[in-house]
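> here is the input, now give the coordinates:
(chains A, B and C)
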Amino acid sequence: MALIAVENLTKSYKTFKRKEGLKGAFINLFKREYEFVQAVDNISFHVESGEILGYIGPNGAGKSTTIKILTGILTPTAGEVAVNGLVPYKRRQQHVKNIGVVFGQRTQLWWDIAVIEAFTLLRDIYEVSKTDFQAQLKKFDEVLGIGPLLHIPVRKLSLGQRVRCDIAASLLHNPPVVFLDEPTIGLDVAVKSNIREFIKEMNASLGTTMILTTHDLSDIEYLCQRSLIIDQGKIIFDGDLQQAKDELARQRKIQVDLYERVDIDSIRDQLKVAELEFAGQNDYSLTISFNKDEISAIDIIQKILDLLHPRDIKIEEPTIETVVKEIYEKRSL
Amino acid sequence: MVYLRKFWTRFRIYTRFSKIRFIDRLSYRAHFFLVLTEYLLIIIVNYFLWKAILADGRTIRGYALEDMVTYVAVAGVFRFIINELSGGISREMSGQYHSGELIMNLLKPVSYQLYIYFRAFGGILFQMLFRGATVLTIWALLVGLTPPDSAATFIVSLALGILIYAGIAFLVGLTTFHIENNAGVLFATTASIELLSGTLIPLVMFPGWVVSILDYLPFKMIFYIPIQIYLGQLGVQEIVSALIVQAIWAFILSIAGFLLFKTSVRKLTIQGG
Amino acid sequence: MVMPRIFFYGKIYLRYFGQYFKGRLAYRSDILIQMVFALSTQITSLVFIVIIFNHIPDINGWSYGEILFIYGFAQISIALFSMFFSNLIQLGRFYILDGNFDRVLLRPLPPLFQIIIERLDIGSFSTLAMGVGALLYAAAKLDMSLSAVECLIFFGLVLSATLIFAGLVLILVSLTFWIKDPTGALAWPLMTVREFAKYPITIYTPALQVFLSWILPLAFTSFYPATLFLGREDYVLYVYLTPVIALLIWGLGILVWNLGLRRYESSGS
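Model (predicted):
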């Protein structure tokens, strides 16, 4: 059985249209026009135990609404949700004992007290035994290096240190599911990779199932075998984004830097590819776009070398961003 | 003539600061009514207290119930002014000091003290035109209100009282340069001023030794003198001398603020904040 | 796990309490400022009473000692409220508007319990001391001597009085689930209306007395329970009603809170 099962989940909000200005404010007092917003529109998915699931979507797509329902903060309008066999919003207090939640932008710890004090307080709240607690702390220290941070008040931690402590705090009671909401936001590259490493390590050693929402697609690239993309309340992609990159992004680019200006039309005839143009203003740089199903990069490079004396050749790989962009565009067509 | 015009242009610049604060205060509507209710409730409690205290025609040091009916209402409205000045001068200054806005304001070609004063005056104008007028109208209809004995002298005396408190509030605000968190000083002075300026109890009811000490301090000049003029308790000669003393206090406190601000800023610029 | 839940909550409360103190000790000057603040808002009414009784023997048939006793009782319940329940006032702004309520919902403890225990107002210690001082002085002046049982009843009544005020605040702040209240201003007028409860309610008009007894039952937070110790027979029934009112108000408060919570869960804001 799947650890998380979401069936036909729908959440709609009733919001009232606020009229602008003084006159509008007056009208609002007496007559309110309501409109329904479908934040989540009939979505279904399953997450198996031990998975790291990437959950992507633009702001307002329904991403945080889904997470709020899964964590028990929100009740859905329709559909069914089960996490660890519990319906989150029906037995919230019991449910939240089995999950961990990290918000990258906001700490879950208490501002004024030292990290270790916060941890022991959480230990008491989640009723973790002393031996389990010590074992968890030791493990976190090995991977995250939080040992030196334990006696510092939370307010004095840097953002990276704080996020590390927050992730550790969410895992103290060893929950089977952890929700990570933008855990790497605002962090520098070194700290980011440290945190990704930790997430991967905890997933591997504890078998913790993780749901990761992020704007940084390199997090997804590094951590997630499977991703969901949500847009306007609907799931528009469910699968491996790496694989999707190969499947969807068929358009590739080769950039050729030259010593001298060449006749672009004659090269186009020789190469028999659709797109060919001079990039930049100096006319010494040639960009060749092609569909990788029609012609391979090797063929193009070979022909270029036959025809010209390039100074440099670069092949541009599609980024995961372009893939996601393409998925959105495909949907809007 | 040239000086007069120059003065007028400068004055116009400062009134713009008043206008900004005035408009700013206008924009919180829900807040407006809540504060109004709160102050009205305090006036009502005080009214019932005095009604019980001065029942059966009892008087204390010449104050009968009909005097106190007006006294509590005017005092209640004056608390708006005290609040506006402690918030708009003292708290504003420490807020600006900690946010760094104060330093930015020093770079402008205006006097910081006058800038702060005029902003607060804009707030006071708002308090008087909207909250004060509303409270007094409600009170006049509900319980009754004696009009001032001499409106013109009362207004002059009230303006001087406001200027004296503005001077004190500015000095309290200056403590922000020297104390890490001056909120305690602020709370304590605001509470003392409410008590010692007579907004709670007519000062004459205090024990004799307190009254004679208060004669040498500026606090009674803030509210007690104006309300005495309002109630017609002072003779012409007393009024004239009271107004002169008020003016002297207003001048002394503003000059003290001016000089201490200079030394505080010098300390700030030497230490680099 | 075998441990009964009540002990668990008691333990958590004490742990939060301890952590809060440790955290606050880092800002010793803040505690001082809180004390000055609490004192400066509450001391004026004491000064008022002291000065007035220099001139008159009684107010509405109530002697200096009696008025001080009622005042002291009110002050103690106000101070205890501020100390243990004043974080409720933060619901609108800090919790709902700033998004901290989600964090509360994600912990395996009842949300109301969490909000109450997350912050204590240590500064109210100053007003508590003031209230106790006034009460003891009044008791001495009235030649009051209390038996052990009467002391127990006294503490029971102080507790009920505190709970009544806290319950009223709970009802009011629970409305922020429906009404956006960014400044937390909804509870302000209530903080002012309790000034009415510092004095014998006989000084007010009958309509106001009914209002303070049955609509906004603030008279039960000071005047009615205090009369038991002043030997006034007329209000005995009201004295025994005090704990009942406390239970009713809390019942109503929890009801409104739960309705608000359900609304929050379906709207997410």
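
> rest of the way, CA atoms for contacts and neighbours
Will do.

> check what pLDDT residue 72 gets.
Chain wasn't specified; assuming chain A. pLDDT recorded at residue A:72 is 92.

> wrong chain, I was asking about chain C
The model's pLDDT for residue C:72 equals 96.

> can you show me the helices along the chain?
Using chain A. Ranges of helices in chain A, per DSSP state H, are A:21-30, A:63-71, A:92-96, A:115-125, A:130-144, A:159-171, A:189-206, A:217-223, A:241-248, A:264-271, A:297-307, A:320-332.

> wait, I meant chain B there
Remark: helices assigned in chain B by DSSP H are B:2-26, B:29-53, B:65-85, B:92-99, B:101-106, B:112-126, B:133-142, B:151-174, B:183-196, B:208-214, B:219-222, B:224-230, B:236-271.

> residue A:8 contacts residue A:66, correct?
No - with contact defined as C-alpha atoms under 8 Å, residue A:8 does not count as touching residue A:66 (11.9 Å).

> between these two, tell me which one has more neighbours.
residue A:66 (23 against 14; other C-alpha atoms under 10 Å in any protein chain shown).

> which residues touch that one?
Listed by C-alpha atoms under 8 Å, 6 or more residues apart in numbering or on different chains, the contact set of residue A:66 reads residue A:40.

> can we see that at 10 Å?
Neighbour list for residue A:66: A:6, A:9-11, A:39-40, A:43, A:55, A:72, A:74, A:76, A:230, A:233 [criterion: C-alpha atoms under 10 Å, 6 or more residues apart in numbering or on different chains].

> restricted to strands, list these.
A:6, A:9, A:10, A:11, A:39, A:40, A:43, A:55, A:230 (DSSP state E).

> quick one: which of those residues is most hemmed in?
Going by other C-alpha under 10 Å, residue A:40 tops the ones in strands among the contacts of residue A:66 with 28 neighbours.

> please tell me how far that residue sits from residue A:230.
To residue A:230, residue A:40 is 9 Å away according to C-alpha to C-alpha, to the nearest Å.

> list the residues that contact both of these two?
Joint contacts of residue A:40 and residue A:230 (C-alpha under 10 Å, 6+ apart) are A:60, A:61, A:62, A:63, A:66.

> just the CA trace of stretch A:184-202, in PDB.
Provided in PDB are the C-alpha atoms of stretch A:184-202 (Å, rounded to 0.1, in the frame of the first residue of the first chain):
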ATOM      1  CA  THR A 184      17.300  25.600   0.300                       C
ATOM      2  CA  ILE A 185      15.900  29.000  -0.400                       C
ATOM      3  CA  GLY A 186      18.300  31.900   0.100                       C
ATOM      4  CA  LEU A 187      21.300  29.600   0.900                       C
ATOM      5  CA  ASP A 188      24.700  29.800  -0.700                       C
ATOM      6  CA  VAL A 189      26.000  27.000  -2.900                       C
ATOM      7  CA  ALA A 190      28.100  25.200  -0.300                       C
ATOM      8  CA  VAL A 191      25.300  25.100   2.300                       C
ATOM      9  CA  LYS A 192      22.800  24.000  -0.300                       C
ATOM     10  CA  SER A 193      24.900  21.000  -1.300                       C
ATOM     11  CA  ASN A 194      25.400  20.200   2.400                       C
ATOM     12  CA  ILE A 195      21.700  20.200   3.000                       C
ATOM     13  CA  ARG A 196      21.000  18.100  -0.200                       C
ATOM     14  CA  GLU A 197      23.600  15.600   1.000                       C
ATOM     15  CA  PHE A 198      21.900  15.400   4.300                       C
ATOM     16  CA  ILE A 199      18.400  14.900   2.800                       C
ATOM     17  CA  LYS A 200      19.700  12.200   0.600                       C
ATOM     18  CA  GLU A 201      21.600  10.500   3.500                       C
ATOM     19  CA  MET A 202      18.600  10.500   5.800                       C
END
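
> that one vs chain C: in contact?
No - interface with chain C: stretch A:184-202 contributes nothing (C-alpha under 10 Å from any C-alpha of the partner chain), its closest point being 17.8 Å away.

> what's next to that stretch, contact-wise?
Residues contacting stretch A:184-202 (C-alpha under 10 Å, 6+ apart): A:52, A:103-105, A:139-140, A:142-145, A:158-161, A:163-164, A:167-168, A:171, A:174, A:180, A:183, A:203-204, A:207-210, A:214-216, A:218-220, A:222-224.

> could I get the contacting residues of the residue of the stretch 101-250 of chain C found nearest chain B?
Residue of the stretch 101-250 of chain C nearest chain B, by C-alpha to the nearest C-alpha: residue C:189 (5.1 Å). Residues in contact with residue C:189 (C-alpha under 10 Å, 6+ apart) are B:34, B:35, B:36, B:37, B:38, B:39, B:40, B:41, B:42.

> any idea which element it lies in?
helix C:188-193 (DSSP states H and E).

> neighbouring contacts of the helix or strand following that helix?
Remark: after helix C:188-193, the chain's next helix or strand is helix C:206-210, criterion DSSP H and E. Contacts with helix C:206-210, where a contact means C-alpha under 10 Å, 6+ apart, come from C:196, C:200-204, C:212-219.

> are any of the residues you listed buried, and if so which?
Among the contacts of helix C:206-210, the ones that count as buried by 16 or more other C-alpha atoms under 10 Å in any protein chain shown are C:196, C:200, C:201, C:202, C:203, C:204, C:212, C:213, C:216, C:217, C:218, C:219.

> residue nearest the centroid of the chain?
Going with chain A. Geometric centre of chain A, nearest residue: residue A:214, 2.8 Å, by C-alpha atoms, centre = their mean.

> meant chain C actually
residue C:81 (3.1 Å).
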